[in-house]
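Novice: Sequence plus the predicted model coming up.
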Amino acid sequence: MALNALVFFLYTLGVCQEGLTALIQTKRVVMAAAGDQVCLSCQLMEPREVHQVTWQKILPDGERNVATFSKYRGERVNPGFHGKVEFKDAGLQSSSIVVLKVTEQDEGCYRCLFNTYRERALTEETCLKLYELHGPFIHIMESNSSDKAVVSCSATARPAPTVTLRVLNLKLKSSNDSHSNKNGTVTFSTTAELQRAVEVECEVQVPSVDPKRVFETVPEVKPALFSRQEGETGSSLPVIGVVLSVVVVVLLGVLGVKILK
């Protein structure tokens, strides 16, 4: 009997906690690039009698109020956040703030509080993280095989990126390489040997960020070692051969004269 009561209590507790967590909808992690603006939002999934919404930034030594909205006082951004934070959606059932020109100092977790008349404050957290991304870049190099080329795609990012090389309807055998940089970024590259005249897609993915893609076609013809000038009808190789032959003949002639003397 006591065991059944304990099981029922734990089940009820789990349901209540799950319901409370799902009461506010928000993104756990929001990614942004330095210099961009980013939106943080919270929304009540069930109507509540809310009299004020408060946004806080969670700091190592506690919380700091960022902005508030109430029915009677309206929008208010606290000192220290003027010009940095503004309301996008000021409401009592949903609320959104925009962080302008994001810097490393803006990274961290923010809390939204729905203050009600009859219940304790309903709260949820969303965390802002910065990412850095350079690329992707496609590089095409010569192969030992005349009908193929070595294609490499690379990107540098923080956090570490995932780089994928693709050719339509073709399964690639590629090799990967990565190394960490002093500034905290990671450079990742993937390389494959491909037939010429195919279109290559390179995709780079950073966690929680939409992927970036670039496309390039592998040239059909291997670049010539010596390029022809406009109006030329033959290769420059025979001309070079003739010149070298003349030089050799002259040298042999000079050496022959010295030997005879």
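Specialist: That came through, no problem.
Novice: Show me what stretch 175-195 is in contact with.
Specialist: 132, 134, 143, 145, 147-165, 167, 172-174, 200, 218 (Cβ atoms under 8 Å, 6 or more residues apart in numbering). Yep, even glycine has a C-beta here, placed from its N, CA and C like the rest.
Novice: at 7 Å instead, please
Specialist: The list of residues contacting stretch 175-195 from outside it, by Cβ atoms under 7 Å, 6 or more residues apart in numbering, reads 132, 143, 147-158, 160-161, 163-165, 167, 172-174, 200, 218.
Novice: Same question for stretch 136-143.
Specialist: The contact list for stretch 136-143 (Cβ under 7 Å, 6+ apart) reads 149-155, 163, 193, 200, 202, 204, 212, 214, 216, 218, 222.
Novice: quick one: average pLDDT of it?
Specialist: Across stretch 136-143, pLDDT averages out at 93.
Novice: which parts of that stretch are buried?
Specialist: Using 16 or more other Cβ atoms under 10 Å as the test for burial, stretch 136-143 gives 136-138, 140.
Novice: Buried members of the contacts of stretch 136-143 into ChimeraX, please.
Specialist: Per 16+ other Cβ under 10 Å, the buried members of these correspond to this ChimeraX selection:
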select :149,150,151,152,153,154,155,163,193,200,202,204,212,216,218
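Novice: Dump the C-alpha coordinates for the one helix or strand E203 maps to into PDB.
Specialist: Applying DSSP states H and E as the criterion places E203 in strand 199-205. Extracted C-alpha coordinates of strand 199-205, given in PDB (Å, rounded to 0.1, in the frame of the first residue of the first chain):
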ATOM      1  CA  GLU A 199      29.500  20.300 -60.000                       C
ATOM      2  CA  VAL A 200      30.600  20.200 -56.400                       C
ATOM      3  CA  GLU A 201      28.600  21.300 -53.400                       C
ATOM      4  CA  CYS A 202      30.300  22.200 -50.100                       C
ATOM      5  CA  GLU A 203      28.300  22.600 -46.900                       C
ATOM      6  CA  VAL A 204      29.500  23.800 -43.600                       C
ATOM      7  CA  GLN A 205      27.400  23.400 -40.400                       C
END
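Novice: going on from that strand, what's the next piece of helix or strand?
Specialist: Once the chain leaves strand 199-205, the next helix or strand it forms, by DSSP H and E, is strand 212-217.
Novice: So what touches that following strand?
Specialist: 136, 138, 199-204.
Novice: May I ask which two of the residues you listed are separated the most?
Specialist: Spanning the widest gap among the contacts of strand 212-217 are E199 and V204, at 17.4 Å by Cβ to Cβ.
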